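A.B. asks: 3D model of this:
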Amino acid sequence: MYFIYSSPEPNQHKRYIKLSELAKKYTVVIIVLAVFISLGIRLYDLQIKSQSEYGMKSEKNSIRKIIESPPRGLMYDRNGVLLVDNEPSYVLTIIPKKFDRNNLPEIASLIEESPEDISAMLDEQTGTNRFNPLRIKRDISFKVVSFIEENRDRLIGVDYQVESMRKYRSSIRGSHIFGYTREISQTQLSRDTGGYYQQGDVVGQTALEKFYEVKLRGNKGVKLASVDVNGKILGPYNEEKNDIKAINGADLHLTIDVELQGYAERLLGGRRGAIVAVDPRNGEVLCLVSKPDFDLSIFSGAGKDKELTQVFNDPNNPLFNRVIQTRYPPGSTWKMMMGAAGVGSGKITTTSTIACGGSYTFGNRTFGDHGAYGNISLARALEVSANVYFYKLGVMVGIDDYNKFGKEFGFGLKTGIDLPNETKGLLPSREYFDKVYGEGKWGQGLLVSLGIGQGELGVSPIQLVCYTAAIAMDGMYHQPHLVRKIKNPTNNFEETPDYYKRQINLPKSLFETLRRGMYLVVNGGGTAKNIRSSQYVLAGKTGTAQTTKANNHSWFVGFAPYNDPQIAVCVLGENQGWGNEFAAPLAAAIMIRYLSNNSSDVYEEMKSGEVVQD
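C.D. replies: Below you'll find the predicted structure:
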């Protein structure tokens, strides 16, 4: 097949040339039009569309955002008595970006702070923080406030705010219940992943103030104010329509009985130790005292550096909460636990007997007792606090069941009380001894001392009072707690915290026997017969924890009334001697005080009597 090519005619070629030139002209016109359209759109954007946006930015330059910290929630006792309140306080602030450093010496002298410290605070502010008011000093006097007002035009960037600070309305100390607040530290600030806090904010540092910080602090507000070129506030911006109102912190309604708390504080006085009482029916803490303690008011306001230094450097460590952080051997208060382990493991029954001849020899060591009682049952062994009975029972039970049933009663575990930094104590186990002494390199002789609450065993008063309450209630163990209800009147928020309870899986007959033994300790021929009461039937157990460096620690746990338990108590007296000598009279006085609706004071008559070893 052949193709024949023929060239276009001359006239046709000329038409092609004309069309090409026309296309080029149109292309140039289109490009020019596109450029003008683009410039027109940009001009419209700058003159019309962006006018409102730039106007808003200009307006913002004359608006100051003020963060409002709401008042912290209040605290009330179980009967509605106000315990922890707030009162207004003035705070001096400086906006770093606006502040004239030439005024630094004057401001430092005015508030009695060093210029170097203030300068360092200002230098720490970077980025947008330089434009925000920085809290320099709290609780400034009205004289300082007046000076700022009179010299506002000259002291650019210097201002004050009104905030609240804690005010303690009751005569009780409550140091380890309420806790204290303080300015947030840099470490705490770095851990604030939510970005809620700013430098200068006040946060709860200990006890309830810390545990319920999120509830107590409330939610910050934002207030917009119109200011002039010198930063002087002219008034609210946009009639406060853009403001975000702060929400006050929620109030805590506590389980504490303020009258009983004050009584317990007075009883313990200046002696080192702890008192804690709970309602065994629900775990509500009725009083909680740890000594030495401290005056919470020194953490409110300013000018108390000397007192703060004394508290933080005190060798007696008044910040240490002995109710939840102490880890001492419980002495003979542990003997009900050993009875429970013996019955629970099947090694004894509630009626079986063990021979108590006045001493017990294990290996090449003899362990003494304070009497010879013959063949006795569990209840009788508790009544006379027979050491030999529990020496033998410790060896019979063995370390595994010792640990198992100890945990049933909450030892070696945190109780879950709503306070920070609780210890779980020390409950020895096979793994523990293998770690300390080497696998299989420890002997059964360790169980002899453990049987009477000595040796490598450490408990806290809060653990002991919960254990006592569980015995009083046939094995029902309640989580101890200090807060009954959380309520915020500002937004009608109300919450009742959910606390756990659990039944200890041991026979009811066991708990009846343990309670009978505790009854005989007080009302029979036992080690606490000096606290027998004609008003109420008390039950309990003395304990004495031996120490190597000083006098023994005095313990007592108890409950009352015997047939209708309404209060359980634990008392610890550090280096105060035998259980019935110090702790038992205090515990009896606490129980009777509460049951008498805070009208009876029997301590003086209870503390007299024969000292009995346990």
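
A.B. asks: which neighbours does the helix or strand where Lys541 lies have in its sheet, and in what orientation?
C.D. replies: Following DSSP states H and E, one finds Lys541 within strand 539-545. In the sheet, strand 539-545 lines up against strand 553-560 (antiparallel) (DSSP bridges).

A.B. asks: tell me the first helix or strand C-terminal of the strand it pairs with.
C.D. replies: strand 567-573.

A.B. asks: ranges for the strands of the stretch 401-550 of the chain?
C.D. replies: Taking DSSP state E, counting those that start in this stretch as the test, the strands found in the stretch 401-550 of the chain are 476-478, 483-488, 493-495, 501-503, 539-545.

A.B. asks: which of these sits most buried?
C.D. replies: strand 539-545 (a mean of 30; mean count of other C-beta atoms under 10 Å). The way it works is simple: take the backbone N, C-alpha and C, and place the C-beta from them, glycine included.

A.B. asks: now that strand against strand 567-573, angle please.
C.D. replies: Orientation check (axes from the mean of the first three to the mean of the last three C-alpha atoms, to 10 degrees): strand 539-545 against strand 567-573 gives 20 degrees.

A.B. asks: off-centre distance for strand 539-545?
C.D. replies: Centroid separation for strand 539-545 versus its chain: 29 Å, with C-alpha atoms, centre = their mean, to the nearest Å.

A.B. asks: swap in stretch 431-442?
C.D. replies: Remark: stretch 431-442 is offset 35 Å from the chain centroid, using C-alpha atoms, centre = their mean.

A.B. asks: do stretch 447-460 as well
C.D. replies: Centre-to-centre, stretch 447-460 and its host chain are 29 Å apart (C-alpha atoms, centre = their mean).

A.B. asks: can you give me the buried ones in stretch 500-516?
C.D. replies: Ile504, Leu506, Leu510, Phe511, Thr513, Leu514, Arg515, Arg516 (16 or more other C-beta atoms under 10 Å).

A.B. asks: how long is it end to end?
C.D. replies: By C-alpha to C-alpha, to the nearest Å, the extent of stretch 500-516 from end to end equals 27 Å.

A.B. asks: equivalent analysis for stretch 317-324, please.
C.D. replies: For stretch 317-324, the end-to-end distance is 14 Å (C-alpha to C-alpha).

A.B. asks: and it, which residues are buried?
C.D. replies: Neighbour-count burial for stretch 317-324, counted by 16+ other C-beta under 10 Å, picks out Pro318, Leu319, Asn321, Arg322, Val323, Ile324.

A.B. asks: and the fifth one, how far is that from Arg182?
C.D. replies: To tie it back to what came earlier, the one meant is Val323. According to C-beta to C-beta, to the nearest Å, Val323 stands 22 Å off from Arg182.

A.B. asks: name the nearest residue to Val397, ignoring sequence neighbours.
C.D. replies: Distances taken as C-beta to C-beta, 6 or more residues apart in numbering put Ala341 closest to Val397, at 4.8 Å, once the chain neighbours are dropped.

A.B. asks: got the phi and psi for that neighbour?
C.D. replies: The phi and psi values for Ala341, taken as degrees, to the nearest 10, are phi -70, psi -40.

A.B. asks: so it is in contact with Ile399, correct?
C.D. replies: No - contact criterion C-beta atoms under 8 Å: Ala341 and Ile399 do not qualify, at 10.7 Å.

A.B. asks: who has more neighbours, the two?
C.D. replies: Between Ala341 and Ile399, counted using other C-beta atoms under 10 Å, the more crowded position is Ala341 (26 against 19).

A.B. asks: low-confidence regions, the chain specifically.
C.D. replies: Within the chain, the ranges that satisfy pLDDT under 70 run 1-61, 229-232, 301-304, 608-609.

A.B. asks: could you list the domains of it?
C.D. replies: Split into domains by automatic domain parsing, the chain comes to 65-254, 261-295+322-606.

A.B. asks: looking at the ones you listed, spot the one closest to Gln613.
C.D. replies: When the domains of the chain are compared by C-beta to C-beta, domain 261-295+322-606 sits nearest Gln613, at 4.4 Å.

A.B. asks: now Ser460: how far from Cys570?
C.D. replies: For Ser460 relative to Cys570 (C-beta to C-beta), the value is 9 Å.

A.B. asks: scratch that, Lys291 is what I was asking about
C.D. replies: 14 Å.

A.B. asks: the more surrounded of those two?
C.D. replies: Counted by other C-beta under 10 Å, Lys291 and Cys570 do not tie: Cys570 has more neighbours, with 32 against 23.

A.B. asks: doesn't Ile275 make contact with the more buried one?
C.D. replies: Yes - using C-beta under 8 Å, Cys570 is in contact with Ile275, at 7.5 Å.

A.B. asks: quickly list what's touching both of the two.
C.D. replies: Each of Pro461, Ala587 lies in contact with both Cys570 and Ile275 under the rule C-beta atoms under 8 Å, 6 or more residues apart in numbering.

A.B. asks: contacts for stretch 292-300, please.
C.D. replies: Residues outside stretch 292-300 that contact it (C-beta under 8 Å, 6+ apart) are 139, 165-168, 173-176, 178-182, 265, 270, 272, 304, 307-308, 311, 314, 316-319.

A.B. asks: switch the cut-off to 6 Å
C.D. replies: Where contact means C-beta atoms under 6 Å, 6 or more residues apart in numbering, the residues beyond stretch 292-300 that reach it are Met165, Arg166, Tyr168, Arg173, Ser175, Tyr180, Lys304, Glu307, Leu308, Val311, Asn316, Pro318.

A.B. asks: on that earlier part again, in a markdown table: the buried residues of stretch 317-324, plus distance to His553.
C.D. replies: Converted to a markdown table, those look like this (distance: C-beta to C-beta, whole Å):
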| residue | distance to His553 |
| --- | --- |
| Pro318 | 19 |
| Leu319 | 20 |
| Asn321 | 17 |
| Arg322 | 11 |
| Val323 | 14 |
| Ile324 | 17 |
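
A.B. asks: tell me the one among those nearest to Gly579.
C.D. replies: Relative to Gly579, the closest of the buried residues of stretch 317-324 is Arg322; by C-beta to C-beta it sits at 16.8 Å.

A.B. asks: how close does the closest one sit to Gly368?
C.D. replies: As judged by C-beta to C-beta, Arg322 and Gly368 stand 30 Å apart.

A.B. asks: how about the strands in the stretch 251-400 of the chain?
C.D. replies: Assigned by DSSP E, counting those that start in this stretch, the stretch 251-400 of the chain shows strands spanning 251-254, 273-278, 285-291, 354-356, 359-362, 365-368, 374-376.

A.B. asks: just these: most buried one?
C.D. replies: By mean count of other C-beta under 10 Å, the strands of the stretch 251-400 of the chain have strand 273-278 as the most buried, with a mean of 28.

A.B. asks: adjacent strands (with direction) for that strand?
C.D. replies: Partners of strand 273-278, by DSSP bridges, with direction: strand 285-291 (antiparallel), strand 567-573 (antiparallel).

A.B. asks: redo those as TSV? Include distance to Val145.
C.D. replies: Listed next are these as TSV, based on distance: least, C-beta to C-beta, whole Å:
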stretch	distance to Val145
strand 285-291	39
strand 567-573	48
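
A.B. asks: closest one to Tyr237 among the ones you listed?
C.D. replies: Comparing these by C-beta to C-beta, strand 285-291 comes nearest, at 47.8 Å.

A.B. asks: got a list of contacts for the closest one?
C.D. replies: 176-177, 255, 257, 260-261, 264-265, 268, 272-278, 321-323, 480, 482.

A.B. asks: and the top strand by length along the chain, how far from the chain's centre?
C.D. replies: Criterion DSSP state E: the longest strand present in the chain is strand 82-94. Computed by C-alpha atoms, centre = their mean, the separation of strand 82-94 from the middle of its chain amounts to 22 Å.
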